[in-house]
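[1] I'd like to go over a predicted model; first the sequence, then the structure.
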Amino acid sequence: MNHARNDEPAAPAHLPCDAAAAERTLVMGILNVTPDSFSDGGEHYTANDALAHAQRMIAQGADIIDVGGESTRPGAVRISVEEELRRILPVIEGLAETGITISVDTMNAATARAAVAAGAHIINDVSGMSVSDEMIQTVAELGVPYILMHARGTSTTMDALAAYPRGTVTEVLDELAALRDRLVAAGVHGENIILDPGLGFAKGGMQDWELLAALGQLHALGHRVLIAGSRKRFLANALNAADAARTKTQNPAAGANTAPDQMPPARAPEDRDAASAALSALVAAQGVWGFGCTMCPHGGCRDRSEYFTHCYPHQTDLKLCTSIHIS
């Protein structure tokens, strides 16, 4: 039972990656131990496969491994806590032996508690505390860092909840601040709160880009900031627009009458990795604490330096996309 007074929160937790965080933006490698995630479902579904992939990400420069056992893609069906634990606990226990910082991606307080007991250092709740009534008290009792992500609804309803009459940035920041205040009131230390604007969750059109353009306002809330943008559809939409614009520039006569089969194909999730790495470099320049991403899809990079060097040329497309979408 937590006996801490609301005005006397527990001390901030220390993480194995803190020294690196003092020098640069951290890389959070995303490890989906699921059969149905939108970008890599089924690729790392067994514990052995998941641990092998985690080791590759660590070798490539990941500072944190984020382990998730439940898909949050649009339309995903919820699974039981028991199934979630069956998927992730062997992976977390194996990773705990490596000394890497471990984050557990879960919406369930019971899963979070079991994962921390198994060796996880951070709770990453992509529900915005909307799924488990016990999550706030669990975070306060465990005293570990908590990633508070902005979200609305569930994976099946979030796309219908992307209306922000007062402005995307205003409403997202207000909602995050209100949730943050609930955590602090429950005894969670402010330094244990990490904010994530929830790119792709109840967001559409230009909204993700508007939030990326407002990172200074997000930082002004006074907490560390995580951006998880790897492979997400807002990147694909922007890159598809850039591809189409490039095609029309190369063939001005085509214009709006270009046949669909003459346009470049839509970017599949695995074709967004270079753009994801470029985006991570752009937000790192704005001082975010961490960037959640898949790592080195082409297999040719031995470490973080080679990874970003390989992907650096693609920043041109991302800068173009950013200027198009937020100007």
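    Nice, thanks for sending it over. Numbers count the residues shown, from 1 in each chain.
[2] contacting residues around the closest residue to residue 195 other than its chain neighbours?
    The shortest distance from residue 195 to any non-neighbouring residue, by CB to CB, 6 or more residues apart in numbering, is to residue 223 (4.9 Å). No exception for glycine: its C-beta is placed from N, CA and C like everyone else's. Residues near residue 223 by CB atoms under 8 Å, 6 or more residues apart in numbering: 180, 190-191, 193-195.
[3] filter those down to the ones in strands?
    Among the contacts of residue 223, the ones falling in strands (DSSP state E) are 193-195.
[4] now render those residues as TSV, adding neighbour count, pLDDT and distance to residue 135.
    What follows is the ones in strands among the contacts of residue 223, written out as TSV (neighbours: other CB atoms under 10 Å; pLDDT from 0 to 100; distance: CB to CB, whole Å):
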residue	neighbour count	pLDDT	distance to residue 135
193	22	98	13
194	20	98	15
195	26	98	16
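[5] pick the one among these closest to residue 54.
    Checking the ones in strands among the contacts of residue 223 against residue 54 by CB to CB gives residue 194 as the nearest, at 20.7 Å.
[6] hang on, the earlier thing: what's the spacing between the residue nearest to residue 195 and residue 59?
    30 Å (CB to CB, to the nearest Å).
[7] how many neighbours does residue 217 have?
    Neighbourhood size, residue 217 [other CB atoms under 10 Å]: 13.
[8] gap between it and residue 225?
    Residue 217 is 11 Å from residue 225, where distance means CB to CB.
[9] next one: residue 162
    Counting by CB to CB - residue 162 and residue 225 are separated by 21 Å.
[10] those two - which one has more neighbours?
    residue 225 (21 against 15).
[11] isn't the more buried one up against residue 289?
    Yes - the pair residue 225 and residue 289 qualifies as a contact (CB atoms under 8 Å) at a distance of 5.6 Å.
[12] mind listing the strands for the protein?
    Going by DSSP E, the chain shows strands at 26-32, 64-68, 101-105, 122-125, 146-149, 193-196, 224-228, 290-293.
[13] so what touches the last one?
    Contact partners of strand 290-293, identified using CB under 8 Å, 6+ apart, comprise 21, 25-30, 63-64, 66, 194, 224-230, 276-277, 279-280, 283-284.
[14] buried ones among the residues you listed?
    Among the contacts of strand 290-293, those classed as buried by neighbour count (16 or more other CB atoms under 10 Å) are 21, 25-30, 63-64, 66, 194, 224-230, 276-277, 279-280, 283-284.
[15] contacting residues around the residue lying closest to residue 31 once chain neighbours are set aside?
    Leaving aside its chain neighbours, residue 31 sits nearest to residue 67 (5.1 Å; criterion: CB to CB, 6+ apart). Residues near residue 67 by CB under 8 Å, 6+ apart: 31, 33, 50, 54, 88, 91-92, 95, 102-105, 115, 120.
[16] what's opposite residue 67 in the beta bridge?
    Beta-bridge partners for residue 67, by DSSP bridges, are residue 31, residue 104.
[17] now it: how far from residue 168?
    Distance of residue 67 to residue 168, computed by CB to CB: 30 Å.
[18] please apply the same query to residue 19.
    According to CB to CB, residue 19 and residue 168 sit 35 Å apart.
[19] then residue 30?
    24 Å.
[20] and residue 14, what pLDDT?
    Predicted confidence (pLDDT) for residue 14: 96.
[21] and it, how many residues sit next to it?
    10.
[22] so which residues of the stretch 1-150 of the chain form helices?
    18-21, 47-59, 81-96, 109-118, 135-142 (DSSP state H, counting those that start in this stretch).
[23] what's in contact with the fourth one?
    It refers to helix 109-118. Residues from elsewhere that reach helix 109-118, judged by CB under 8 Å, 6+ apart: 67, 69, 81, 84-85, 88-89, 92-93, 96, 104, 106, 120, 123, 125, 132-135, 137-139, 142, 144.
[24] just the buried ones out of the residues you listed, please.
    By 16+ other CB under 10 Å, those give 67, 69, 81, 84-85, 88-89, 92-93, 104, 106, 120, 123, 125, 132, 135, 137-139, 142, 144 as buried.
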